[in-house]
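*Asks:* Here is my input; please provide its structure:
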Amino acid sequence: MRVTKFGGAWRFQAKYADEPGWTYYDRPELHDLLALKEIVFRKYQRRRASAEDVASLEKLLRDYPENG
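*Replies:* The predicted structure follows:
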């Protein structure tokens, strides 16, 4: 799993070791979003990420569809 932020938008990508290319996801799984929020929050505490990054991930979680 790999996540990048460009132009204010998060891009989620994943691939297996034996696959040549990355698969992009418009809507990541909930557990991946929660893990990313934890990582970014820890980086924010060490001043390696911005409060805007944390807020944008919290918004993604709030807007996440509950129906799966």
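*Asks:* What count of nearby residues applies to Tyr16?
*Replies:* Residues lying near Tyr16 (other C-beta atoms under 10 Å) number 6. In short, each C-beta sits where N, CA and C put it, glycine included.
*Asks:* contact partners of stretch 50-65?
*Replies:* 5, 8, 10, 27, 30, 33-34, 36-37, 40-41, 44 (C-beta atoms under 8 Å, 6 or more residues apart in numbering).
*Asks:* please redo it, this time with the cut-off set to 6 Å
*Replies:* The contact list for stretch 50-65, computed with C-beta atoms under 6 Å, 6 or more residues apart in numbering, reads 33, 37, 40-41, 44.
*Asks:* again, but for stretch 29-40
*Replies:* Identification of contacts with stretch 29-40 by C-beta under 6 Å, 6+ apart yields 3, 49, 53-54, 57, 61.
*Asks:* what about 10 Å?
*Replies:* With C-beta atoms under 10 Å, 6 or more residues apart in numbering as the test, stretch 29-40 has contacts from 1, 3, 5, 10, 12, 14, 25, 27-28, 48-50, 53-54, 56-58, 60-61, 64-66, 68.
*Asks:* Strands of this protein, start to end?
*Replies:* 2-6, 9-14, 23-25 (DSSP state E).
*Asks:* counting contacts, what elements does the shortest one pack onto?
*Replies:* Taking 3 or more C-beta pairs under 10 Å, 6 or more residues apart in numbering; DSSP states H and E as the contact definition, the neighbouring helices and strands of strand 23-25 are strand 9-14.
*Asks:* show me the biggest helix of the protein in terms of residues.
*Replies:* helix 30-45 (DSSP state H).
*Asks:* Tell me what angle it forms with strand 9-14.
*Replies:* 120 degrees (axes from the mean of the first three to the mean of the last three C-alpha atoms, to 10 degrees).
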